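> quick check, what structure comes out for this input:
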Amino acid sequence: MDFPSRIYTEAEVNKARELVEKGYKHDLNAEGGPAFKQKVRRSIELVNTAGYYDFLRTYIRIIKEIDGLTQLRQADAAIWANMYAVENDVDAASLFVQKANQMKEYLEGKLYYGGAAERRSDEKRIEFLKALKAKTEEKPVKQECERILKLWKEGYLVY
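Residues are numbered from 1 along each chain as shown. Down below sits the predicted model:
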């Protein structure tokens, strides 16, 4: 069974959910300019280091460069991101995991937006940063995880 090209109708969501439950994984792609794709590839390496690559490609099919606001496009299982959003490799990796978690909740039929949903997706992002910090052997990556986690703890990154 092929994954639906769009995940918008109830039937499409049900089909996508069924495939995910059976272990379906997307061939994750990046689309955009060379610098954007390079940044996305580096962030995906960090996602892999933290052990979240399968989680990411379960729910996200493509990370696409746009000139606008970074957002999850549920109907496309896509993250639309601007160059600014991928400038910091560690932060971008945590953003990708956060958006994958929102996509997971969308497929599960949970309320994937609003206060409680934002809190859950923020918690997933923090969980990822802690995992990356613990698993990476790159000192600059560890330091950046610590810096971002400190900002979350101090409440500077509450959206």
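> can you pull the contacts of residue 50?
Listed by CB atoms under 8 Å, 6 or more residues apart in numbering, the contact partners of residue 50 are 93, 97, 128, 131-132, 135-136. Placement of C-beta: from N, CA and C, glycine included.
> can you tell me how far the most centrally placed residue in the chain is from residue 117?
The residue lying closest to the centre of the chain (CA atoms, centre = their mean) is residue 96, at 2.0 Å. For residue 96, the distance to residue 117 equals 17 Å [CB to CB, to the nearest Å].
> next one: residue 6
22 Å.
> what's the helix or strand for residue 105?
helix 89-108 (DSSP states H and E).
> next SSE after that helix?
As the chain continues past helix 89-108, the following element, by DSSP H and E, is helix 115-135.
> just checking the distance from that next one to the centre of its chain.
Averaging C-alpha positions (CA atoms, centre = their mean, to the nearest Å) puts helix 115-135 11 Å from its chain's average.
> packing partners for the helix or strand containing residue 150?
For residue 150, the host element (DSSP H and E) is helix 139-154. Packing partners of helix 139-154 (3 or more CB pairs under 8 Å, 6 or more residues apart in numbering; DSSP states H and E): helix 89-108, helix 115-135.
> what about residue 72, which SS state?
Recorded secondary structure, residue 72: strand (DSSP: H, G, I helix; E, B strand; the rest coil).
> buried ones in stretch 106-116?
For stretch 106-116, the neighbour count (16 or more other CB atoms under 10 Å) marks 106-107, 112 as buried.
> one more: stretch 138-158?
141-142, 144-145, 148-149, 152, 157.
> using a markdown table, please lay out those residues together with distance to residue 86 and pLDDT.
Shown next, in a markdown table, are the buried residues of stretch 138-158 (distance: CB to CB, whole Å; pLDDT from 0 to 100):
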| residue | distance to residue 86 | pLDDT |
| --- | --- | --- |
| 141 | 15 | 98 |
| 142 | 20 | 98 |
| 144 | 14 | 98 |
| 145 | 17 | 98 |
| 148 | 15 | 96 |
| 149 | 20 | 96 |
| 152 | 19 | 91 |
| 157 | 17 | 61 |
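> and which of those is nearest to residue 72?
Nearest to residue 72, judged by CB to CB, of the buried residues of stretch 138-158 is residue 157 at 17.6 Å.
> ok so, going back, most tightly surrounded among the helices and strands packed on helix 139-154?
helix 89-108 (a mean of 23; mean count of other CB atoms under 10 Å).
> mind saving the C-alpha coords of it as CSV?
What follows is helix 89-108, C-alpha atoms only, in CSV (Å, rounded to 0.1, in the frame of the first residue of the first chain):
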residue,chain,number,x,y,z
ASP,A,89,22.2,22.9,13.2
VAL,A,90,21.3,21.8,16.7
ASP,A,91,18.2,24.0,17.0
ALA,A,92,17.0,23.0,13.5
ALA,A,93,17.4,19.3,14.5
SER,A,94,15.3,19.9,17.6
LEU,A,95,12.7,21.8,15.5
PHE,A,96,12.4,18.9,13.1
VAL,A,97,11.8,16.5,15.9
GLN,A,98,9.2,18.9,17.4
LYS,A,99,7.4,19.1,14.1
ALA,A,100,7.5,15.3,13.6
ASN,A,101,5.8,15.0,17.0
GLN,A,102,3.1,17.4,15.9
MET,A,103,2.6,15.3,12.8
LYS,A,104,2.4,12.2,14.9
GLU,A,105,-0.4,13.8,17.0
TYR,A,106,-2.2,14.9,13.8
LEU,A,107,-2.2,11.3,12.6
GLU,A,108,-3.4,10.0,16.0
